[in-house]
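Asker: Okay, here's the prediction I keep looking at, along with the sequence it came from:
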Amino acid sequence: MSDQKMTLVELVEKYRSIADFLNTHWPLKDKQQQTFARIMKLVEELGELSDEILTSMNLARDSKIAKFSQENMQDEFADVLASLILLAIELDIDVEKVMRKKITFTRERFGMDSKRSMV
Ligand SMILES: [Mg+2]
């Protein structure tokens, strides 16, 4: 795998082509059904990530704990982020723009730029 950094914009663009592929190969009835499918997929993937985290904390069946791997947990995290990006694309959300806004909001909320700028 490449060590080259990927920006958030590049990440979303890569998923835009995946979204186009998915929509072409598995078309759904309409936009509403497509959005519904995307949000349900996100919920499914969150469940799978939760399952991996619980297993990592030994809060699962012994047979599952025996099969736990950090790599599986990372894969499930990636599935969550991928599903979230696909949902953003479906909802025409500019991920970079809204995250910049959210970071500014959060920094202002906690006074991170005015108080001791240690954070
Ligand atoms: Mg998964």
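Answerer: Perfect, thanks for sending it. Numbering: from 1, shown residues only.

Asker: The helix or strand harbouring Val80 near the ion anywhere?
Answerer: Per DSSP states H and E: Val80 is located in helix 70-90. Yes - applying C-beta under 5 Å from the ion, one finds helix 70-90 touching the ion at Asp79. From N, CA and C alone the C-beta is placed, and that goes for glycine too.

Asker: from the chain's centre, how far out does that helix sit?
Answerer: Centroid separation for helix 70-90 versus its chain: 4 Å, with C-alpha atoms, centre = their mean, to the nearest Å.

Asker: What helices and strands are in contact with that helix?
Answerer: Other helices and strands packing on helix 70-90, by 3 or more C-beta pairs under 8 Å, 6 or more residues apart in numbering; DSSP states H and E, are helix 8-25, helix 31-56.

Asker: Buried deepest among those, which one?
Answerer: Using mean count of other C-beta atoms under 10 Å, the stretch among the helices and strands packed on helix 70-90 with the largest mean neighbour count is helix 31-56, at a mean of 15.

Asker: sorry, back to before: identify all contacting residues around the helix holding Val80.
Answerer: By C-beta atoms under 8 Å, 6 or more residues apart in numbering, the surrounding residues in contact with helix 70-90 are 11-12, 15-16, 18-19, 22, 31, 34-35, 38-39, 41-42, 44-46, 48-49, 51-53, 56, 95.
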